[in-house]
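Q: Build me a structure from this.
(2 chains)
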Protein chains: 2
Amino acid sequence: MKRRSVAIALVHHPVLDRRGDRVTTAVTNLDIHDLARTSRTYDVDRVYVVTPLAEQQQLVARILDHWRQGHGAVYNPKRAEALKLVAVVTDLQEALADWQECSGQEPWPVLTGASTTGGISFRRCRELLGEKALLLVLGTGWGLAPDLFEQKWTVLEPIVGAGDDYNHLPVRSAAAIMLDRLLGATEI
Amino acid sequence: MKRRSVAIALVHHPVLDRRGDRVTTAVTNLDIHDLARTSRTYDVDRVYVVTPLAEQQQLVARILDHWRQGHGAVYNPKRAEALKLVAVVTDLQEALADWQECSGQEPWPVLTGASTTGGISFRRCRELLGEKALLLVLGTGWGLAPDLFEQKWTVLEPIVGAGDDYNHLPVRSAAAIMLDRLLGATEI
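A: The predicted model follows:
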């Protein structure tokens, strides 16, 4: 089988807040660690932390330095291995450009959200891996802003859980479920 | 179909630390929130936070009060709904006793870990839901202590990710993947 090229983008702008306003969320240390560990476990190639704020970019760079080269790398080499996947970018365009260069393939951005409609199924998305370099786009806060959905990018079906109306997964958990569905070696 | 009774136990003692020593880990606010949100999304009945330390139990009680009855409940009612599932217990025996009373069925503890061997498959575990009241037992730190595996309880196969030797999922992410595999409505 052709190698599957998969990257993740964790978007901090443009996203919605709980009132539905378009905002920039703060980067959290834990999101970065969790996404990196899960991504490394599922053999994901890149994790893009997307924020336009210079101070936030510097914060992420400091966290990454600590764990990749500093005391953290000695304390926990496995964590260093995971955090090597992480790159900080200003916007999705920069992520797509880097991902194209890194994968050597046309990048394929796929938007995600808890209330998306008309998206492709996980099964179909999994089938298309190997043909395209997937960039799975995840929103922090209350999800990706609507304008991201106006540029005709592919949308992934939502995770519906048990199927009732409650659907408030942490982005860390949603990412883990998506990667397991798309890349998991275990047949369910 | 018979209703599926599923609960989770997040164990802080006895677990291992990075050196393989038997320890009690600290409860973290984020584990509780993430497990509660994921559990509510997948229609899990109970989330047991297992710690023998009275101060830690009080800390969890304060967190739960804030979000279930305090300012948090007004700020974010959806979070309150998720955190209603959480109960603090001293040990797994207490969790099993409560779970038996709560489910009205014989409780079925199933141990999990990144390096378990000889366990039942996710598929088999999913088939058995409805017949037994599952208590999925997750370890914090570097995983459940070996003595828990000496009492002949059922063990679940590990999540293997992409199948190489790196397997360091955060417990929050592992729980999400397990619940999706066992309870998810979407056919993959």
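Q: from memory A:A133 sits against A:A7, does it?
A: Yes. At 7.2 Å, A:A133 and A:A7 qualify as touching, with contact defined as C-beta atoms under 8 Å. The way it works is simple: take the backbone N, C-alpha and C, and place the C-beta from them, glycine included.
Q: Past the longest helix belonging to chain A, which element shows up next along the chain?
A: Longest helix in chain A by number of residues (criterion: DSSP state H): helix A:54-68. Sequence-wise, the next helix or strand downstream of helix A:54-68 (DSSP states H and E) is helix A:71-75.
Q: Name the residues that touch that next one?
A: Residues lying outside helix A:71-75 but in contact with it, judged by C-beta atoms under 8 Å, 6 or more residues apart in numbering or on different chains, are A:66-67, A:79-80.
Q: now the residues you listed in TSV, with neighbour count, distance to A:G104 and pLDDT?
A: Below are the contacts of helix A:71-75 laid out as TSV (neighbours: other C-beta atoms under 10 Å in any protein chain shown; distance: C-beta to C-beta, whole Å; pLDDT from 0 to 100):
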residue	neighbour count	distance to A:G104	pLDDT
A:H66	16	31	91
A:W67	25	28	90
A:R79	19	28	88
A:A80	19	26	89
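Q: ok, those vs A:H168, which is closest?
A: Checking those against A:H168 by C-beta to C-beta gives A:R79 as the nearest, at 27.9 Å.
Q: Isn't the closest one up against A:I32?
A: No. Counting by C-beta under 8 Å, A:R79 does not reach A:I32; the two are 10.7 Å apart.
Q: Any idea how many residues pack against the spatially closest residue to A:D147 that is not a sequence neighbour?
A: Of all residues not flanking A:D147 in the chain, A:P14 sits nearest, at 6.5 Å (C-beta to C-beta, 6 or more residues apart in numbering or on different chains). Per other C-beta atoms under 10 Å in any protein chain shown, the neighbour tally for A:P14 reads 19.
Q: quick one: pLDDT of A:P14?
A: pLDDT recorded at A:P14 is 98.
Q: got a list of what it touches?
A: Residues counted as contacts of A:P14 (C-beta under 8 Å, 6+ apart) are A:22-24, A:144-145, A:147-148.
Q: swap the cut-off to 10 Å and go again
A: A:P14 is in contact with A:22-24, A:50, A:52, A:91-92, A:139, A:141, A:144-148, counting by C-beta atoms under 10 Å, 6 or more residues apart in numbering or on different chains.
Q: mind listing what A:L64 touches?
A: If you count contacts by C-beta under 10 Å, 6+ apart, A:L64 has them with A:32, A:36, A:49, A:70, A:72, A:80, A:83-84, A:86-88.
Q: what residues do A:R79 and A:I32 have in common as contacts?
A: Both A:R79 and A:I32 are in contact with A:W67, where contact means C-beta under 10 Å, 6+ apart.
Q: any bit of stretch A:42-52 sitting next to chain B?
A: Yes. Stretch A:42-52 lies within reach of chain B by C-beta under 10 Å from any C-beta of the partner chain, at A:42-44.
Q: any shared contact partners between A:A133 and A:A7?
A: By C-beta under 10 Å, 6+ apart, A:A133 and A:A7 have these common neighbours: A:45-46, A:96, A:99, A:102-103, A:107-109.
Q: Which stretches in chain A count as strands?
A: Ranges of strands in chain A, per DSSP state E, are A:6-11, A:15-16, A:22-23, A:46-50, A:86-89, A:107-111, A:133-139, A:154-155.
Q: would you list those strands in JSON lines and tack on distance to A:L183 and mean neighbour count?
A: Shown next, in JSON lines, are these (distance: least, C-beta to C-beta, whole Å; neighbours: other C-beta atoms under 10 Å in any protein chain shown):
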{"stretch": "strand A:6-11", "distance to A:L183": "7", "mean neighbour count": "26"}
{"stretch": "strand A:15-16", "distance to A:L183": "25", "mean neighbour count": "20"}
{"stretch": "strand A:22-23", "distance to A:L183": "31", "mean neighbour count": "16"}
{"stretch": "strand A:46-50", "distance to A:L183": "14", "mean neighbour count": "25"}
{"stretch": "strand A:86-89", "distance to A:L183": "18", "mean neighbour count": "21"}
{"stretch": "strand A:107-111", "distance to A:L183": "13", "mean neighbour count": "21"}
{"stretch": "strand A:133-139", "distance to A:L183": "10", "mean neighbour count": "25"}
{"stretch": "strand A:154-155", "distance to A:L183": "17", "mean neighbour count": "18"}
